[in-house]
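Enquirer: Quick check, what structure comes out for this input:
(4 chains, ligands or ions: 4)
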Amino acid sequence: MLKALTALAYPRLCIETGRALGHKGAVTPGACVIELENVAYSYGDGALLTQVSLTLAPGSFHFLTGPSGAGKTTLLKLCYGALHPTTGNTLFFGEDVSRMSRDAVANLRRRVGVVHQDCSFLDHLSVADNIRLPLSVAGRQAEEAREDLAELMAWVGLTERAQALPPELSGGERQRAALARAVILSPDVLLADEPTGNVDWEMSQRLLRLLVELNRMGKTVLIATHDLSLIRAAKTQVQARVLRIVGGQVQQAGADL
Amino acid sequence: MLKALTALAYPRLCIETGRALGHKGAVTPGACVIELENVAYSYGDGALLTQVSLTLAPGSFHFLTGPSGAGKTTLLKLCYGALHPTTGNTLFFGEDVSRMSRDAVANLRRRVGVVHQDCSFLDHLSVADNIRLPLSVAGRQAEEAREDLAELMAWVGLTERAQALPPELSGGERQRAALARAVILSPDVLLADEPTGNVDWEMSQRLLRLLVELNRMGKTVLIATHDLSLIRAAKTQVQARVLRIVGGQVQQAGADL
Amino acid sequence: MTWREDLRYLVLGDGQADRIVPPSGFTARLTVFAAAAMAFLAVFALALALASNRLAHRWGAELAGSSTIRIVAPETQLGQQTEAALGILETTPGVAFARALTPDEQRSLLAPWFGRDVDLQALPVPQLIEVIEEEGFDPAGLRLRLAAEVPGAVLDDHGRWRGPLLASANRLRGLGWLSTVLLAASVAAMVSLAAQASLAANAQVIAVLRLVGATDRYIAQAFVRRFTLRALGGGVLGTLAGGVAVASLPAPPESVGFLEGLGFAGADWLLTLCIPLLCAVVAFAATKTAAHRALKRLA
Amino acid sequence: MTWREDLRYLVLGDGQADRIVPPSGFTARLTVFAAAAMAFLAVFALALALASNRLAHRWGAELAGSSTIRIVAPETQLGQQTEAALGILETTPGVAFARALTPDEQRSLLAPWFGRDVDLQALPVPQLIEVIEEEGFDPAGLRLRLAAEVPGAVLDDHGRWRGPLLASANRLRGLGWLSTVLLAASVAAMVSLAAQASLAANAQVIAVLRLVGATDRYIAQAFVRRFTLRALGGGVLGTLAGGVAVASLPAPPESVGFLEGLGFAGADWLLTLCIPLLCAVVAFAATKTAAHRALKRLA
Ligand SMILES: Nc1ncnc2c1ncn2[C@@H]1O[C@H](COP(=O)(O)OP(=O)(O)OP(=O)(O)O)[C@@H](O)[C@H]1O
Ligand SMILES: Nc1ncnc2c1ncn2[C@@H]1O[C@H](COP(=O)(O)OP(=O)(O)OP(=O)(O)O)[C@@H](O)[C@H]1O
Ligand SMILES: [Mg+2]
Ligand SMILES: [Mg+2]
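Expert: Ligands and ions are numbered 1, 2, ... in the order given. Below you'll find the predicted structure:
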């Protein structure tokens, strides 16, 4: 099955686009891709996260777990600069986000693929156009990636739904489309929030393999999930660190997971 | 733990409101709560569901599985009259939905609790007000159910978030709020679409216990899910039928599940 | 739902049901503003219409209400013919009042021609008789009688001026009403579009309410009430602003007859009260239609 | 972004970027309609302003451009004094043309008083001289010269009528411009609100674009272009409708001097072309502000 993945040539897309973006997208060896330094965050009332330090080294694979409402989504949003820490700093590829202009953050965000928990799309564009969207926002011709797009759509099982509008997708189809959109630009980091919450076991294994393959190509991956069986399955394929949010702190989970 | 559930007196709410609605809400003994007769459905192009017959007897407990995009959500929508079958009939408490006025459907829908896959709320009202919403729509004073509401909120773990607005909830909190809203009127039937897709294992067990308890009180329950471990856990507590959508047909799943 | 129930709900409201519609937002402000802007302009249009109405009436009254009889005769017969003409006028139906002008009055009328100190005795100046008309005045009949009995009399009933002047006043008045109607149509269209925009933006609200078993009526009522009150509020604001603006326009210079002041007088102010009510009625009808159409579409 | 880049993008567009804004919806229709309605009304207001402008000019020209000199003298001196007055007028700066009225003209002017067949010879009727003024006419100076050399001459420069009439025309003109300004302000406010409503309704679009790395400029541009084009389109439609409506108003009755026809003449039509452009400019500024504010808020 893993052979089939390589045979399906999906990695071609990643390598090619990775190379195409290479001049500006290369990670400085040794530098951390994303770093949270002593970050605290609160939505107003009580502190939700206190004293969180997190470093995502290039090529690392992380899982983030914790009970519902612990702050997984919040931590992910801090990681790509959608939220700004109450105290502490967020570093994006070595640069402090709070010192960057909004446009600079926008440009850097093209190197970060994000799958939101509630996957949202441009509801008036087709699924294929939505998955292609990061290409046009980055000013690249959609044409050049046409074959790669087709392969990617096939891999996440959306070929038949390519021309549908997002509101016509099923819950699982939305998640897969969101994942495809997150990886189309072959980003240096992939942050995914419950990317398999609405898909069946087989499909979740298929998506996991895509993430593992990206990781093997040197991409950094962080997945927030409460699905322990997914974590167990991943551990057989890749060296993954499992983080757990407890009481506003990030802990390394024990080997029992 | 099950003792705790009864001790927490959550069932009080259900019994009382069940009785309060009794004069118009009682299920005719023997009549099916919801019945699909030879239903086919298509969203325009190819047929999605063909020849589906389904009867939900009062007090039965069903799981609905099937791969992503098989039509689980579609089938649920047919069950509560949000979609009308291309061919075949839907019976709501013995009455043909296609022959009912929109107002009559709306009235009957108060006897059906629905948890949507993408839980949506009135974003300008607090979580508590949203959970209370079916009460006010049914023209009942929110006051009379105040204690019950508090107990229910505690059970789904939302007491602290009662005054938050829905967009401020985490993914799992939304699902729990949607479930609470679905059961507040103590409906005769509960249709839930992936109600545990975004919550951790412990919470999903807690929610399952709520559903099982409702079922023991004679309510009919249908849960669409792809989480096989949830189904396995339920089978230890209740006699559940597991249905599977394959190729547009509904099959009874084998005992291996 | 009957209009009685509508009205009762509209006035009394229903605390619980009202809350289901998001309280504000840009479509809300848009509705209020559109109603206010239109009401403001409508006040001006109404002022224009009313002013031209008054103008037309005054011209009608001033010109139609008076005629002049000129008696051209040798000096010896002048007094006698004047008496005869006055006698005829006394028995003519439709004549409220008639009198011969005094020499002083005649002199001042002729001053532009002959200067102030003209000696009227030395001139064969005709004698003028001022006639104030009333209902039923018949110039043609009077002319016939005068021709028979007072050969030197010429009746000038100002008809030459009356027609075109009245036509002009009517034109101006028509323009005012036309603007008022256009503005009302604009309010209707704009509030209707704003309501539709709001309903479309609140598709999720409607879906949630449907899900928990709300009837169409329950949903529509809340939207209709919200929009009607918004349009009413906007209409009141706009009318107030318009009223203040009209009242604070500089008064027209004295002695300019043909351009009446634009202000409202007395009962006219009551008419302006109709503007916000019109806004509300239009909003009510527009939102109700829009809501029921949207609910059918989203079913 | 500089205004040059803005403008280039505005005209040329960018197929990919354009598609990110949902193409239609009620806020879109609302924008088009608001622009159209305001443009329609603006055409009327402009017509009113232009008509009163013309009116003021005509009155100004007719009244200010002519004076009358009345020569009251014994019959024997009348001809000589008339000659003298004409002589003075010839050498007076600011007098374009002067001539004595013929007996026929005088007779028709006096007809209301004495009838058609008056014998002017038998009356001490003054001689009238019509004076057509031009730039630099100085009535006070002329009066002094006439008093010195032509004792029987009285200059009537129509000043009595001129002031109030001009004031009235100016009032009407001011009203027209005031309406135009009010309408422009309404367009601005309404398009701005519609843009904000659209941006609020498209909060999800903005969030998605942010997520995939779109810059503020990229997002704002698409919205600004969409709204500017909508307002321009609406403005064109409204102006066309307004133009047709104004052109099809019934012509004013002949001989009514004080209410000029409301139609546009010649170059006025060019002025109406400014209305849609004004809509577009206003929409551009309003949307750009709204977009950048919304983007900052949603950041
Ligand atoms: N915008 C907000 N304003 C206020 N509180 C918020 C907001 N967003 C999230 N919260 C609260 O912060 C807490 C953490 O939310 P978060 O979404 O990070 O949880 P999570 O770990 O992702 O949970 P889940 O597994 O249910 O998705 C929750 O209690 C939530 O209610
Ligand atoms: N409104 C719609 N218009 C067109 N096609 C639709 C629409 N809604 C759903 N579909 C399609 O119908 C199929 C079944 O959808 P449905 O939502 O019922 O799947 P599901 O079994 O619930 O899947 P999941 O587990 O992913 O939620 C999917 O392929 C979906 O794309
Ligand atoms: Mg989350
Ligand atoms: Mg589904």
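Enquirer: I'd like to know how far A:R206 sits from chain B.
Expert: In this structure, A:R206 and chain B are separated by 11 Å, where distance is defined by Cβ to the nearest Cβ, to the nearest Å. Just so you know, the C-beta spots here come from the backbone N, C-alpha and C atoms, and that holds for glycine as well.
Enquirer: List the buried residues for the helix or strand harbouring that residue?
Expert: With elements delineated by DSSP states H and E, A:R206 resides in helix A:201-216, which encompasses its position. With burial defined by 16 or more other Cβ atoms under 10 Å in any protein chain shown, the residues of helix A:201-216 counted as buried are A:201, A:203-215.
Enquirer: Mind putting those into TSV with pLDDT?
Expert: Conversion of the buried residues of helix A:201-216 to TSV gives the following (pLDDT from 0 to 100):
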residue	pLDDT
A:W201	87
A:M203	87
A:S204	90
A:Q205	91
A:R206	87
A:L207	89
A:L208	92
A:R209	91
A:L210	89
A:L211	91
A:V212	93
A:E213	90
A:L214	89
A:N215	93
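Enquirer: Relative to ligand 4, which of those is nearest.
Expert: Proximity of the buried residues of helix A:201-216 to ligand 4, judged by Cβ to the ion, is greatest for A:M203, which lies at 12.6 Å.
Enquirer: ok, the closest one - contacts?
Expert: When the contact criterion is Cβ atoms under 8 Å, 6 or more residues apart in numbering or on different chains, the partners of A:M203 are A:157, A:172, A:176, A:196, B:67-68.
Enquirer: In the stretch 151-299 of chain C, what residue lies closest to ligand 3?
Expert: When scored by Cβ to the ion, the stretch 151-299 of chain C has C:Q204 as its residue closest to ligand 3, at 20.3 Å.
Enquirer: Now do the same contact list for that residue.
Expert: Shown here is C:Q204, whose contacts under the criterion Cβ under 8 Å, 6+ apart are B:120, B:123.
Enquirer: so which strand or helix has it?
Expert: Assigned by DSSP H and E, C:Q204 belongs to helix C:203-211.
Enquirer: May I have the predicted confidence score for the residue of chain A positioned farthest from its centre?
Expert: Relative to the average C-alpha location in chain A, and by Cα atoms, centre = their mean, no residue lies farther out than A:D45, which sits at 28.9 Å. Looking at A:D45, its pLDDT is 79.
Enquirer: Report the separation between it and B:M153.
Expert: Using Cβ to Cβ, to the nearest Å, A:D45 is found at 18 Å from B:M153.
Enquirer: and stretch C:78-93, which residues are buried?
Expert: Neighbour-count burial for stretch C:78-93, counted by 16+ other Cβ under 10 Å, picks out C:78, C:81-82, C:84-86, C:88-89, C:92.
Enquirer: quick one: it near chain D?
Expert: No - contact of stretch C:78-93 with chain D (Cβ under 8 Å from any Cβ of the partner chain) is absent, the minimum separation being 12.9 Å.
Enquirer: got the CA positions of that stretch in CSV?
Expert: Output in CSV follows, covering the C-alpha atoms of stretch C:78-93 (Å, rounded to 0.1, in the frame of the first residue of the first chain):
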residue,chain,number,x,y,z
LEU,C,78,-67.6,109.4,-17.7
GLY,C,79,-69.4,109.9,-14.4
GLN,C,80,-72.7,108.7,-15.7
GLN,C,81,-71.3,105.6,-17.4
THR,C,82,-69.4,104.7,-14.3
GLU,C,83,-72.6,104.9,-12.2
ALA,C,84,-74.4,102.7,-14.8
ALA,C,85,-71.6,100.1,-14.8
LEU,C,86,-71.6,100.0,-11.0
GLY,C,87,-75.3,99.6,-11.1
ILE,C,88,-75.0,96.7,-13.4
LEU,C,89,-72.3,95.1,-11.3
GLU,C,90,-74.5,95.4,-8.2
THR,C,91,-77.1,93.1,-9.8
THR,C,92,-74.6,90.8,-11.4
PRO,C,93,-74.3,87.4,-9.8
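Enquirer: Could you single out the nearest of the buried residues of stretch C:78-93 to ligand 3?
Expert: Each of the buried residues of stretch C:78-93 was scored against ligand 3 by Cβ to the ion, and C:T92 proved nearest at 98.3 Å.
Enquirer: picking that back up, how far does the helix holding A:R206 sit from the chain's center?
Expert: Mean C-alpha position of helix A:201-216 versus that of the full chain (Cα atoms, centre = their mean, to the nearest Å) differs by 12 Å.
Enquirer: now swap in stretch A:106-117 and tell me
Expert: Here the centre of stretch A:106-117 is set off from its chain's centre by 8 Å, with Cα atoms, centre = their mean.
Enquirer: Check which residues of it are buried.
Expert: Buried positions in stretch A:106-117, judged by neighbour count with 16+ other Cβ under 10 Å: A:106-117.
Enquirer: next one: stretch A:244-253
Expert: The neighbour-count check on stretch A:244-253 (16+ other Cβ under 10 Å) flags A:244-245, A:248, A:250, A:253 as buried.
Enquirer: Low-confidence ranges, the stretch 1-150 of chain C, go.
Expert: Scanning the stretch 1-150 of chain C for pLDDT under 70 picks out C:1-3, C:5-7, C:9-10, C:12-17, C:24, C:55-56, C:58-65, C:109-124.
Enquirer: Once you drop chain neighbours, what's closest to the residue of it found nearest ligand 4?
Expert: Taking Cβ to the ion, ligand 4 has its nearest neighbour within the stretch 1-150 of chain C at C:I20, 26.7 Å off. Beyond its immediate neighbours in the sequence, the residue positioned closest to C:I20 (Cβ to Cβ, 6 or more residues apart in numbering or on different chains) is C:A222, lying 5.2 Å away.
Enquirer: And the one you found, what's its pLDDT?
Expert: Listed pLDDT for C:A222 reads 83.
Enquirer: hang on, it packs against C:D18?
Expert: Yes - using Cβ atoms under 8 Å, C:A222 and C:D18 qualify as a contacting pair, with a distance of 5.9 Å.
Enquirer: more crowded one of the two?
Expert: Of the pair C:A222 and C:D18, C:A222 is the one with more neighbours under other Cβ atoms under 10 Å in any protein chain shown, namely 23 against 15.
Enquirer: Now residue 141. Nearest residue, chain neighbours left out?
Expert: This is for chain A. Computed as Cβ to Cβ, 6+ apart, the closest residue to A:Q141 that is not its neighbour in sequence is A:L135, at 7.7 Å.
Enquirer: Wait, chain C was what I had in mind.
Expert: Here the nearest residue to C:G141 in space, its sequence neighbours aside, is C:T92; by Cβ to Cβ, 6+ apart that works out to 7.9 Å.
Enquirer: residue contacts, the residue in the stretch 101-250 of chain C that chain D sits nearest to?
Expert: Taking Cβ to the nearest Cβ as the measure, the point where the stretch 101-250 of chain C comes nearest chain D is C:A197, at 3.5 Å. Contacts of C:A197 were listed using Cβ under 8 Å, 6+ apart, and they are C:27, C:30, D:25-27, D:30, D:197, D:201.
Enquirer: Show me the strands in the chain, by range?
Expert: You didn't pick a chain, so chain A it is. Listed in chain order, the strands of chain A (DSSP state E) span A:34-42, A:47-56, A:61-65, A:87-92, A:95-96, A:112-115, A:189-193, A:220-224, A:240-246, A:249-252.
Enquirer: Oops, wrong one, chain C.
Expert: Along chain C, the stretches classed as strands by DSSP E are C:66-71, C:95-100, C:127-133, C:153-156.
Enquirer: The shortest one pairs with which strands, and in what direction?
Expert: Neighbouring strands of strand C:153-156 in its sheet, by DSSP bridges, are strand C:66-71 (antiparallel).
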